[in-house]
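1. Task: produce atomic coordinates for the following.
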Amino acid sequence: MHDFTLSMYKELLLALKNAKYQFITFEEYFSEKLPEKLVVLRHDVDRAPGNAVKMALLENKLNIRASYYYRVVSESYDEKSIREIVNLNHELGYHYEDLSISKGNEKQALELFEKHLENFRRFYPVKTMCMHGSPMSKFDNRALWQKHNYADFQIIAEPYFDLDFNKIFYLTDASRSWNNETVTLRDKVSTDFQFQVNSTNDIIRLLQNKKLPNELMISTHPHNWADGNIEWMKIMIWQGLKNQIKKILVRKRA
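-> Numbers count the residues shown, from 1 in each chain. Okay, the predicted model is just below:
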């Protein structure tokens, strides 16, 4: 079975269930009494919103809730898919990149943030957000909060600011590989956890062998996960080319 397919994603979800992890949304992580073993499934919908719906349907069939973060750009923002995901009882959040969009103009970025957030709140009472890495931009979208407070917008949490990554183990498939910092510019965290993960099967084996901590956040990008061999091959080739560019950017900005 190929990695980064919906079939493999289903195997990961079943392994988490078998390991007795309880699935909660990112919003619930800050608003409810936490179970002993938990996993937050975070989906950054950078593009291909149709793929996000497929993942949301699969999770719903397994009685799982997840958190979906949409951008405002055309390749991500799709009201039909947003409504479908909300109707499937998943959390909707804002995948913000307003500082990059405004080319570093903080005043304009803050105005855009408020405008975009209110738009998403037409579909769901959004309480959490996470930054979009914007690898082609010199601006880190998180810098907007150096002088401003997102709590003023009734946002309760942003993962890169509000999680203790020495308590919750963070896994991300950014650039279609797990925790690969050589091709990841900003989607990485500081942590004491040391697990070698090269594939989804590696995560499944760690779960089966009871090696992982009790709290997990698994961040996926639906456009990385294919629903057929042709789509899988296209994604593999396209992401491979992008990763070569990202490696150069990571080295330049190191």
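
2. Packing partners of the strand ranked longest in the chain?
-> The residue-count maximum for a strand in the chain (DSSP state E) belongs to strand 38-45. Secondary-structure packing of strand 38-45 (3 or more C-beta pairs under 8 Å, 6 or more residues apart in numbering; DSSP states H and E): strand 22-24, helix 26-29, helix 49-61, strand 67-70, strand 215-220. (Each C-beta comes from the backbone N, C-alpha and C, glycine too.)

3. what's the angle from it to strand 215-220?
-> Put simply, strand 38-45 runs at 20 degrees to strand 215-220, going by axes from the mean of the first three to the mean of the last three C-alpha atoms, to 10 degrees.

4. Pull strand 38-45 out as CSV, backbone CA atoms only.
-> C-alpha atoms of strand 38-45 as CSV (Å, rounded to 0.1, in the frame of the first residue of the first chain):
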residue,chain,number,x,y,z
LEU,A,38,-5.7,12.0,23.3
VAL,A,39,-4.9,13.0,19.8
VAL,A,40,-5.7,16.3,18.0
LEU,A,41,-6.1,15.8,14.2
ARG,A,42,-5.2,19.1,12.6
HIS,A,43,-5.8,19.6,8.9
ASP,A,44,-4.2,22.6,7.1
VAL,A,45,-6.2,23.0,3.9
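
5. could you give the mean pLDDT of that strand?
-> Averaged across strand 38-45, pLDDT comes to 98.

6. Please identify the most buried of the helices and strands packed on strand 38-45.
-> strand 67-70 (a mean of 27; mean count of other C-beta atoms under 10 Å).

7. Check which element follows it along the chain.
-> Next in sequence after strand 67-70, counting helices and strands by DSSP states H and E, comes helix 79-87.

8. where exactly do the helices run in the chain?
-> Under the criterion DSSP state H, the chain contains helices at 6-18, 26-29, 49-61, 79-87, 98-101, 106-120, 159-162, 200-208, 229-253.

9. need the ones you listed in JSON lines with distance to Asp140 and mean pLDDT, can you?
-> Converted to JSON lines, the helices of the chain look like this (distance: least, C-beta to C-beta, whole Å; pLDDT from 0 to 100):
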{"stretch": "helix 6-18", "distance to Asp140": "29", "mean pLDDT": "97"}
{"stretch": "helix 26-29", "distance to Asp140": "20", "mean pLDDT": "97"}
{"stretch": "helix 49-61", "distance to Asp140": "25", "mean pLDDT": "98"}
{"stretch": "helix 79-87", "distance to Asp140": "26", "mean pLDDT": "98"}
{"stretch": "helix 98-101", "distance to Asp140": "7", "mean pLDDT": "98"}
{"stretch": "helix 106-120", "distance to Asp140": "12", "mean pLDDT": "98"}
{"stretch": "helix 159-162", "distance to Asp140": "10", "mean pLDDT": "97"}
{"stretch": "helix 200-208", "distance to Asp140": "28", "mean pLDDT": "98"}
{"stretch": "helix 229-253", "distance to Asp140": "10", "mean pLDDT": "60"}
